[in-house]
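A.B. asks: pasting the structure only:
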């Protein structure tokens, strides 16, 4: 199972940008899907952006056109470029990795420890 470590959070004014990175220990090429999730106090963790092993991407409606997810298999990293940030983008961002079960080989879901991104108005 891979281990995930996020970095790049911080405080930024509305309209600004942040770039989050997720360092993956282990082979990212073995992971079927990686993504970024956001959680705010009192609410469930929600999906922000997902990228599959073949490079397909999916975004939450609220971030389409502003956020870009990418993966670098050679560097074992997944990044989230966040532009035109809004106060409602504030939250703890978690990196996620999913390996699907194949036959008798078990899959898994891995999470990082999270990084705080705060957007001030």
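C.D. replies: Nice, I can see it. As the structure is a prediction and not an experimental result, all values here were calculated from the model. Residues are numbered from 1 along each chain as shown.

A.B. asks: center of the protein - which residue?
C.D. replies: Closest residue to the average C-alpha location of the chain: residue 36 at 2.0 Å, with CA atoms, centre = their mean.

A.B. asks: Ramachandran coordinates for that residue?
C.D. replies: The phi/psi pair for residue 36 (degrees, to the nearest 10) reads phi -120, psi 130.

A.B. asks: Ok, residue 87 next?
C.D. replies: Dihedral angles (degrees, to the nearest 10) for residue 87: phi -60, psi -30.

A.B. asks: What count of nearby residues applies to it?
C.D. replies: 11 (other CB atoms under 10 Å). All C-beta atoms are positioned from the backbone trio N, CA, C, and that covers glycine.

A.B. asks: do residue 86 as well
C.D. replies: So residue 86, with other CB under 10 Å, has 14 neighbours.

A.B. asks: is it true that residue 8 touches residue 17?
C.D. replies: No: contact criterion CB atoms under 8 Å: residue 8 and residue 17 do not qualify, at 10.7 Å.

A.B. asks: In terms of neighbours, single out the busier of those two.
C.D. replies: residue 8 (16 against 11).

A.B. asks: how near is residue 118 to residue 10?
C.D. replies: 7 Å (CB to CB, to the nearest Å).

A.B. asks: for residue 89, same thing?
C.D. replies: From residue 89 to residue 10 the distance is 12 Å (CB to CB).

A.B. asks: Alright, I will stop here.
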